[in-house]
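Novice: Just a sequence and a predicted model for now, questions to come.
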Amino acid sequence: MQLQENKVVNLSLACKQINGLIIEPNEIFSFWKTVGKPTAKKGYLDGLMIGKDTMKAGIGGGLCQMANMIHWLVLNSPCSVVELHHHSDALFPDERRRVPFGTGTSIVYKNVDYRFQNTTDQPLQLLVWIENDELYGELRSLRPFPVRYKLVEENHHFEKINDQYYRNSEVYRLTYNRNTNELIKKERILVNHSLVMYDPALIPPDQIRGNQHD
């Protein structure tokens, strides 16, 4: 729990660097260029960090939640992702999950960054803040975009290969006409095939398909 409490501190510090930021047309946002190196001198605390299939405590841990938030906002906008590093493994069960699996991103200072480009014709503003220990975010524009987006996960299931379990699914982005709600485009943006790192006993049995062997 201490690491969770520290994460709120870390996210609050990052909010101060990001909240209210204006991204001009064609400008590229860089997470680490904006936030800078998280150090104890700046007030960052030990939080949960994930690397090389292990979880550990480290200064600035938990900032990936901020990158995930920004990426989610970008996926629901016409902006283009420039740099993205997917989490390769299924680290936690789905309890309280609100977004499709696999739509997060990894960040590690300073070479594993998250970047996106404002490919619209108007400036955009990022708003991020903490309220009741929860992270919130908005991506604002001067004028409404003519389309809106929805992300859905399809063909979700678990698969056992030899003694390992994998989580499989496909994530699609649906584009709708904002005025008519007509579906304009359906594009697959992600295929998940992720090693389950938590106790497989937590996997719902009805979601497991097959028992394959190499």
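Specialist: Here it is on my side, so go on.

Novice: Asp46 contacts Pro38, correct?
Specialist: No. The criterion here is CB atoms under 8 Å, and Asp46 misses it with Pro38 at 10.8 Å. Backbone N, C-alpha and C define where each C-beta goes, glycine included.

Novice: Pick out whichever of these two has more residues nearby.
Specialist: Pro38 (22 against 19; other CB atoms under 10 Å).

Novice: Which residue comes closest to that one once chain neighbours are left out?
Specialist: Take Pro38 and drop its neighbours on the chain: the residue closest to it by CB to CB, 6 or more residues apart in numbering is Gly60, 2.8 Å away.

Novice: cool, and His157?
Specialist: In space, His157 is closest to Arg209, 4.8 Å off (CB to CB, 6+ apart).

Novice: That neighbour touches Ile161, doesn't it?
Specialist: No. Arg209 is beyond contact range of Ile161, at 11.0 Å (criterion: CB under 8 Å).

Novice: So which bits of stretch 183-202 are buried?
Specialist: The neighbour-count check on stretch 183-202 (16 or more other CB atoms under 10 Å) flags 190, 192, 194, 196-197 as buried.

Novice: Same question for stretch 70-80.
Specialist: 70-75, 77-79.

Novice: now, which of those lie within strands?
Specialist: Judged by DSSP state E, strands contain none of the buried residues of stretch 70-80.

Novice: how near is Asn10 to Gly61?
Specialist: 7 Å (CB to CB, to the nearest Å).

Novice: what touches both of the two?
Specialist: Common contact partners of Asn10 and Gly61 (CB atoms under 8 Å, 6 or more residues apart in numbering): Gly47.

Novice: More neighbours: the two, which one.
Specialist: Asn10 (25 against 22).

Novice: Worst mean pLDDT across the helices and strands of the chain, which element?
Specialist: strand 89-90 (a mean of 66; mean pLDDT, DSSP states H and E).

Novice: Now do the helix or strand just after that strand: which elements does it pack against?
Specialist: Using DSSP states H and E, the next helix or strand after strand 89-90 towards the C-terminus is strand 115-117. Packing partners of strand 115-117 (3 or more CB pairs under 8 Å, 6 or more residues apart in numbering; DSSP states H and E): strand 28-30, helix 64-75, strand 80-83.

Novice: Neighbouring strands - and their directions - for the last one?
Specialist: Read it as strand 80-83. Counting by DSSP bridges, the strands paired with strand 80-83 are strand 115-117 (antiparallel).

Novice: before we move on, what about the shortest one?
Specialist: Paired strands of strand 28-30, with direction, are strand 115-117 (antiparallel) (DSSP bridges).

Novice: Report the distance from the partner strand to the chain centre.
Specialist: Centroid separation for strand 115-117 versus its chain: 14 Å, with CA atoms, centre = their mean, to the nearest Å.

Novice: residues contacting the residue nearest to Pro38?
Specialist: 10, 38-39, 44, 47, 49, 109.

Novice: can you put those residues in CSV and add secondary structure and pLDDT?
Specialist: Output for these, formatted as CSV (DSSP: H, G, I helix; E, B strand; the rest coil; pLDDT from 0 to 100):
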residue, secondary structure, pLDDT
Asn10, helix, 97
Pro38, coil, 97
Thr39, coil, 97
Tyr44, coil, 97
Gly47, strand, 91
Met49, strand, 82
Tyr109, coil, 93
